[in-house]
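[1] Task: produce atomic coordinates for the following.
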Amino acid sequence: MMQRLGAFLGSCLLAFTAGHMFNYTVILYLQEVVGSDLLSGLGFGLAFGSSIVFGWFGGVLCDRIPPHRVIHGAQALFLAGLACLWWAQSGASADARVAWVLGGAFLGGLAWSFVGPARLTALAQMAQVEELRPATILFNLQVLVGFGLAPLLIGLVRSRYQWDAVIALSAFGFALSSLLIVHLRTHANPVVSNNSVLGDIAEGFRAVGSDRLLMQLMLTAVLGYAMTGPLQILLPKLARQVLLLSELQRGAYLGLLALSLIVGGVSALALAKKVRHGWFMLGGIAAGSLVFSSLALTTSVPLSAIGLACVGIMGGMVISLVVSGIQAQAPVALRGRVMSMYSITSQVIPALSGVAAGALVNAVGVERAIPMAGLALAGLAALATLAMARLRAYHGQ
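    Numbers count the residues shown, from 1 in each chain. This next block holds a predicted model:
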């Protein structure tokens, strides 16, 4: 399997690392250079939230044309967004800087709308039936590693260079990612649709709504990704204001997510046949949320790092199991549309929770915002456990 999928998975790792570098650049630039937590939340919302409008069309597009073409088009949009960020840093006036950053964030949001469902649809065409679940967990591992690795790379680069070097490294990642799959060939859905685009979108909704397990897996993805926004918005401020870490130390602290997410993703791969997936997903969200809520209660860097690692491990395991379950349940003829719903969830929910986290920390400060966010998510996970009987019985086989 790895011999056939290795180049594609490597391309995914580069693309998602560069993509999360893009998101972190928007957040940190607006926090540190512009000096606005509210704008940083808004920028993150644009970078991930555009898919709530355009992601549905991305799913239809992945069913109608070969998804490898969608991948290359989306990564070209990322490069255009990075060009906007570079101009904001290097050429724009101080008055126009915020507009260029937010414009670049919007282009990145367009790219995120298409790249997720396109890569998941392409993966399903490349993997054999019995490989689909482990291949999807490996795919998600690249996503999680990219999410954790991005702040570490930014910290390393920023310890010696300016923001333009960070932007250049992200652009190089996208270019190399496309180069790795330049010979990849996929195909459109062989079942020709006579529906309009809106009709195809509605058909995808009906497919998810008629499958109780698939619906509850989607709702679990919503809960799992609700933690992502607070992590990206609140952790940089925790590291700077509470733990008093230097630039390089902040990058290492945030980059600890990389290692813990790897451990979580690998653990999911190893435990996939040994645990009851439904109970594990819901319990993992609740436990991770509670640990997250405790991060603001200590100024000890080692204790905080241990807590952050626990959050990352649980998050990596839960999201890996959720996405593999959705991929396995998705109807072949509607896979692009179903996976676009998952991708929209993975982008819009962090964006919305990121905007909310930005507003919350602006109102009450980081030391109160973290416990409030963590306890709220733990409570929602407890309610979901009571309500989702079909998911509780799900073994993942």
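[2] Residue 43 reaches residue 99, doesn't it?
    No. The criterion here is Cβ atoms under 8 Å, and residue 43 misses it with residue 99 at 11.3 Å. All C-beta spots, glycine's among them, are computed from the backbone N, C-alpha and C.
[3] which stretches of the stretch 51-200 of the chain form helices?
    51-64, 67-90, 97-126, 132-158, 163-180, 197-209 (DSSP state H, counting those that start in this stretch).
[4] most packed of those helices?
    For the helices of the stretch 51-200 of the chain, average neighbour numbers computed from mean count of other Cβ atoms under 10 Å are highest in helix 97-126, which has a mean of 25.
[5] I'd like to know which elements that helix is packed against.
    helix 2-29, helix 37-49, helix 51-64, helix 67-90, helix 132-158, helix 301-329, helix 335-364 (3 or more Cβ pairs under 8 Å, 6 or more residues apart in numbering; DSSP states H and E).
[6] Now do the buried residues in the second one.
    Same thing as helix 37-49. 37, 39, 40, 41, 42, 43, 44, 45, 46, 47, 48, 49 (16 or more other Cβ atoms under 10 Å).
[7] So what's the gap between that helix and the chain middle?
    Centre-to-centre, helix 37-49 and its host chain are 14 Å apart (Cα atoms, centre = their mean, to the nearest Å).
[8] can you tell me which residues contact residue 43?
    By Cβ atoms under 8 Å, 6 or more residues apart in numbering, the contact list for residue 43 reads 26, 27, 30, 101, 102, 105.
[9] how far away is the fifth one from residue 84?
    Read that as residue 102. 9 Å (Cβ to Cβ, to the nearest Å).
[10] again, but for residue 222
    Distance from residue 222 to residue 84, by Cβ to Cβ: 30 Å.
[11] now do residue 90
    11 Å.
[12] So residue 347 versus residue 354, what's the distance?
    From residue 347 to residue 354 the distance is 11 Å (Cβ to Cβ).
[13] what touches both of those two?
    residue 48.
[14] Look at those two and report which has more neighbours.
    residue 354 (28 against 25; other Cβ atoms under 10 Å).
[15] Go through the helices and strands packed on helix 97-126 and name the closest to residue 381.
    Judged by Cβ to Cβ, the one of the helices and strands packed on helix 97-126 that comes nearest to residue 381 is helix 301-329, at 9.9 Å.
[16] Now do that closest one: which elements does it pack against?
    Using 3+ Cβ pairs under 8 Å, 6+ apart: helix 301-329 touches helix 97-126, helix 132-158, helix 212-225, helix 247-271, helix 277-293, helix 335-364.
[17] possible to save the ones you listed as TSV with mean pLDDT and distance to residue 61?
    Below are the helices and strands packed on helix 301-329 laid out as TSV (pLDDT from 0 to 100; distance: least, Cβ to Cβ, whole Å):
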stretch	mean pLDDT	distance to residue 61
helix 97-126	90	7
helix 132-158	85	19
helix 212-225	93	20
helix 247-271	82	28
helix 277-293	92	29
helix 335-364	86	7
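[18] among those helices, which is nearest residue 171?
    Nearest of these (Cβ to Cβ): helix 97-126, 11.8 Å.
[19] tell me how far that closest one is from the chain's mean position?
    A distance of 11 Å separates the centroid of the chain from that of helix 97-126, by Cα atoms, centre = their mean.
[20] and it with helix 163-180, angle?
    Inter-element angle recorded for helix 97-126 and helix 163-180: 20 degrees (by axes from the mean of the first three to the mean of the last three Cα atoms, to 10 degrees).
[21] Next, the angle helix 2-29 makes with helix 97-126.
    Using the same axes, to 10 degrees: helix 97-126 against helix 2-29 is 160 degrees.
[22] so what's the nearest residue to residue 72 once chain neighbours are set aside up against?
    In space, and not counting its chain neighbours, residue 72 is closest to residue 178: 5.6 Å by Cβ to Cβ, 6 or more residues apart in numbering. Neighbour list for residue 178: 11, 71, 72, 75 [criterion: Cβ under 8 Å, 6+ apart].
[23] Equivalent analysis for residue 110, please.
    50, 54, 74, 77.
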